[in-house]
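K.L.:
below is the structure, and that's it, no one-letter string:
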Ligand code: BGC
């Protein structure tokens with residue numbers, strides 16, 4: 001839906017509404033009234049607009065355990081499908097989830113680039129390549145908006161890492177900015193996005209919420225964007241600078257610099273009335289599109305919305321299509337279920353899958369299928385054993401299971417009276433933006449979690465408080481902690497989503513029940529936000545013994561499956577990674593298991609690249625990203641051959657950290673220099689990576705038969721015509737990738753760039769021809785404007801940037 005598509009009825013209604021509002025009302029409309037919503041203005045028939053994160057699920061404003069959200073695979077996984085249509089399906093499901101939860105605008109997608117694999121939100125972005133990012137993002141946005149729900153493409157722009165995220169000034173050349181970082185935004189705005197989110201960081205000296213040249217000059221004027229620009233949460237820090245810089249909406253209410261100050265600035269002539277009117281028009285246009293302006297038809301009538309989708313099915317399908325089979329020696333995969341007698345599973349993440357990354361992208365799904373549960377269910381005829389092997393988790397898991405019953409949460413008022421009480425399956429208390437059963441946050445004085453534990457084994461157990469605030473922990477009637485749990489130096493988002501943990505060793509006797517009570521004292525200002533957990537771990541063997549046990553179990557099995565990955569302390573919003581190595585002793589675990597069993601399959605559960613020093617020692621490596629709630633079901637589908645692992649790498653996976661072209665994300669004197677210019681990702685790689693961009697095996701093989709390059713139907717562009725044949729023995733799916741680069745090497749330009757791609761499915765021996773339009777930008781550079789560089793270009797049809805199968809040349813004139 002583009003500017004041209006907003007109807008004259010809508011625009012006329014907007015003008016009428018504008019005529020009714022005075023300056024105060026207009027300004028009020030431009031700021032959040034709380035954490036997630038804009039105010040209603042009944043005088044113009046406008047209802048309150050609700051926003052919510054994004055991007056793998058819809059959290060909703062009231063984050064409550066009894067209102068779960070479908071959790072799809074991480075954005076890196078979605079990009080690994082190389083399938084914009086599937087991204088559109090993901091978007092449609094999320095649009096449907098948004099409607100279910102009363103959300104009108106989804107705070108997604110995140111389309112910053114994988115500049116460095118250390119970036120904390122790498123998992124939340126799509127790719128190191130702007131074309132792939134733009135195509136997946138456009139599919140996603142179209143899908144969400146198909147449901148009549150808005151999107152905010154974020155974070156505009158150059159928010160590619162987290163260190164000093166609120167203040168860092170990114171120094172980037174105009175050329176790299178346009179050719180790489182702005183390109184996905186441009187593509188998705190052209191696809192009709194209704195919103196954009198301005199980033200926290202600055203670009204070349206101006207903080208983004210005040211960046212008139214990029215927000216106003218480029219996005220609105222040059223690209224013709226008719227939607228709204230919302231600040232990232234608390235990113236707007238001035239009244240006049242942001243108002244004149246092109247920002248339309250300030251979120252949230254907390255710390256809002258607009259309101260009376262903006263009204264005064266308009267009255268003093270420092271912000272023009274027209275500037276305010278333009279913002280109001282944009283907000284009303286958005287409200288009209290999502291159906292909140294009385295008398296104006298929404299952009300998508302209910303009858304035109306896509307048919308409902310089943311969340312778990314979509315999550316499972318996307319996961320299988322995203323898994324990248326990076327290595328498969330001796331075709332160990334797929335496993336043959338008819339001959340399998342015993343499968344030895346190990347790794348902490350096999351039972352506690354990391355299904356999503358940390359920060360505002362978190363949602364709570366109804367269920368999580370762990371890898372162990374998925375494999376066990378899919379292999380009724382085999383024995384599936386489990387040993388933990390190594391445990392990298394920095395926190396104790398929340399108390400749960402048959403040994404912990406009952407678990408009760410009680411909300412109490414100032415006099416100790418019970419306001420609400422509920423039984424929980426797991427010792428996690430989490431309400432955000434609202435309390436259950438209409439409890440008024442102002443009445444809440446404490447939240448009490450009581451749980452009864454009957455130990456399976458005697459000895460030293462560990463209990464933990466995982467939360468922030470003033471806590472009291474009592475075990476068997478004895479207080480063992482009473483005080484604050486808080487890290488003042490932490491980013492507030494991190495504090496909320498991944499608080500610090502305090503542990504308490506506690507001796508227990510086998511079979512003797514103990515009552516544990518963990519109480520949070522509510523302090524002013526936090527009443528609508530309650531989140532904490534009681535963690536527990538049984539006495540455990542020492543780390544060497546755990547490794548020995550895993551190796552022994554592997555030796556006795558037909559096949560060993562080791563699940564390794566990152567933890568919430570590694571990949572999250574709010575901070576960058578400090579290393580690409582797997583945490584804890586997981587590398588040792590893989591080496592030990594692989595030495596014990598030559599048929600070792602390593603499942604890597606990480607949203608972004610990790611180092612795999614054992615890569616050449618194992619039979620198979622399957623990269624599963626953060627696979628979403630159906631993790632284990634999708635894993636069983638792929639390992640047992642029910643589905644082909646359909647993914648291709650959206651980003652390069654290094655063998656050594658030192659080989660990565662851009663690694664550091666640490667600003668110097670508040671500035672982060674993008675010195676590498678346009679040489680990011682595969683464009684900048686010199687050494688051989690472990691797994692190159694675009695790499696991914698399937699369960700069949702492909703022969704590339706022919707490549708020609710033709711003018712497209714308009715005569716202005718080029719199309720690669722590629723014929724491929726399924727040369728294997730089972731039906732499969734291939735991602736045909738086309739790269740373009742100057743035939744005469746040009747040190748100022750990348751050797752090759754992704755120019756287009758297409759997916760095909762073919763039966764054994766079937767031949768398929770695809771026409772892949774080549775992006776004009778691959779023969780252009782930005783020098784104040786786009787200009788074509790004439791000359792001869794090499795066009796490559798490839799199975800990945802380092803696996804070129806066919807080449808052709810084409811002469812391009814200026
Ligand atoms: C994040 C955004 C998010 C917002 C609201 C910010 O900290 O950077 O991506 O949409 O919070 O949760």
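P.N.:
That came through fine. Remember, it's a predicted structure, so these values are computed and weren't measured experimentally.

K.L.:
quick check: the residue of the stretch 201-350 of the chain nearest the ligand.
P.N.:
Of all residues in the stretch 201-350 of the chain, residue 233 sits closest to the ligand, at 3.9 Å by CB to the nearest ligand atom. C-beta coordinates here come from the backbone N, C-alpha and C atoms, glycine included.

K.L.:
please disregard the earlier target; I meant the stretch 1-150 of the chain.
P.N.:
Counting by CB to the nearest ligand atom, the stretch 1-150 of the chain gets nearest the ligand through residue 107, at 3.8 Å.

K.L.:
tell me where the stretch 651-800 of the chain has strands.
P.N.:
671-673, 702-711, 718-726, 732-742, 753-762, 767-774, 780-782, 786-788, 791-798 (DSSP state E, counting those that start in this stretch).

K.L.:
which one of the ones you listed lies closest to residue 12?
P.N.:
For residue 12, the closest of the strands of the stretch 651-800 of the chain is strand 786-788, at 36.0 Å, according to CB to CB.

K.L.:
neighbouring strands of the closest one in the sheet, and parallel or not?
P.N.:
strand 780-782 (antiparallel) (DSSP bridges).

K.L.:
which ones are touching the most centrally placed residue in the chain?
P.N.:
For the chain, the residue nearest the mean C-alpha position is residue 124 (2.8 Å; CA atoms, centre = their mean). For residue 124, the contact set (CB atoms under 8 Å, 6 or more residues apart in numbering) comprises 55, 74-76, 110, 357, 359, 361, 573, 607.

K.L.:
in helices, which of those appear?
P.N.:
Per DSSP state H, helices hold the following members of the contacts of residue 124: 75-76.

K.L.:
what does the protein have sitting close to the ligand?
P.N.:
For the chain, the residues in contact with the ligand (CB under 6 Å from any ligand atom) are 53-54, 107, 154, 232-233, 360, 493.

K.L.:
now do the buried residues in the helix or strand where residue 98 lies.
P.N.:
Following DSSP states H and E, one finds residue 98 within helix 84-100. Buried residues in helix 84-100, defined by neighbour count with 16 or more other CB atoms under 10 Å: 84, 86-99.

K.L.:
tilt between that helix and strand 753-762?
P.N.:
Counting by axes from the mean of the first three to the mean of the last three CA atoms, to 10 degrees, helix 84-100 points 90 degrees away from the direction of strand 753-762.

K.L.:
what about helix 84-100, average pLDDT?
P.N.:
Mean pLDDT, helix 84-100: 98.

K.L.:
which residues sit against the following helix or strand past that helix?
P.N.:
Next helix or strand after helix 84-100 toward the C-terminus (DSSP H and E): strand 105-106. Residues outside strand 105-106 that contact it (CB under 8 Å, 6+ apart): 49-55, 58, 94-95, 98, 144, 149-152, 194-195, 286, 290.

K.L.:
packing partners of the helix or strand just after strand 105-106?
P.N.:
The helix or strand immediately downstream of strand 105-106 is helix 130-146, counting by DSSP H and E. Here helix 130-146 touches helix 75-80, helix 84-100, strand 150-151, helix 183-190, strand 753-762, going by 3 or more CB pairs under 8 Å, 6 or more residues apart in numbering; DSSP states H and E.

K.L.:
all strands of the stretch 151-300 of the chain, in order?
P.N.:
153-156, 169-171, 195-198, 202-203, 206-207, 228-231.

K.L.:
Serialize those to a markdown table and add fields for distance to residue 328.
P.N.:
Listed next are those as a markdown table, based on distance: least, CB to CB, whole Å:
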| stretch | distance to residue 328 |
| --- | --- |
| strand 153-156 | 36 |
| strand 169-171 | 40 |
| strand 195-198 | 40 |
| strand 202-203 | 43 |
| strand 206-207 | 48 |
| strand 228-231 | 45 |
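
K.L.:
okay if I get those strands as CSV plus mean pLDDT?
P.N.:
What follows is the strands of the stretch 151-300 of the chain, written out as CSV (pLDDT from 0 to 100):
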stretch, mean pLDDT
strand 153-156, 98
strand 169-171, 98
strand 195-198, 98
strand 202-203, 98
strand 206-207, 98
strand 228-231, 98
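
K.L.:
please report which of the residues of the chain next to the ligand has the highest neighbour count.
P.N.:
Most neighbours among the residues of the chain next to the ligand, by other CB atoms under 10 Å: residue 107, with 28 neighbours.

K.L.:
that one reaches residue 51, doesn't it?
P.N.:
Yes - contact criterion CB atoms under 8 Å: residue 107 and residue 51 qualify, at 5.7 Å.

K.L.:
following the chain past the least confident helix or strand in the chain by mean pLDDT, name the next helix or strand.
P.N.:
Least confident helix or strand of the chain, by mean pLDDT, DSSP states H and E, is helix 492-497 with a mean of 70. Later in the chain than helix 492-497, the nearest helix or strand by DSSP H and E is strand 501-508.

K.L.:
can you give me the buried ones in that following strand?
P.N.:
Neighbour count says strand 501-508 has 501-502, 506, 508 buried, by 16+ other CB under 10 Å.

K.L.:
contacts for that strand, please.
P.N.:
Counting by CB under 8 Å, 6+ apart, residues outside strand 501-508 touching it are 394-396, 453, 455, 458-466, 471, 473, 475, 480-481, 485, 514, 535.

K.L.:
if we can go back for a sec, most packed of the strands of the stretch 651-800 of the chain?
P.N.:
Among the strands of the stretch 651-800 of the chain, strand 732-742 has the highest mean neighbour count (mean count of other CB atoms under 10 Å), at a mean of 23.

K.L.:
what helices and strands are in contact with that strand?
P.N.:
strand 718-726, strand 753-762, strand 767-774, strand 791-798.

K.L.:
need the ones you listed in CSV with mean pLDDT, can you?
P.N.:
As requested, these are exported to CSV (pLDDT from 0 to 100):
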stretch, mean pLDDT
strand 718-726, 98
strand 753-762, 98
strand 767-774, 98
strand 791-798, 98
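
K.L.:
for the ligand, give me its nearest residue in the stretch 551-700 of the chain.
P.N.:
Counting by CB to the nearest ligand atom, the stretch 551-700 of the chain gets nearest to the ligand through residue 573 (6.1 Å).
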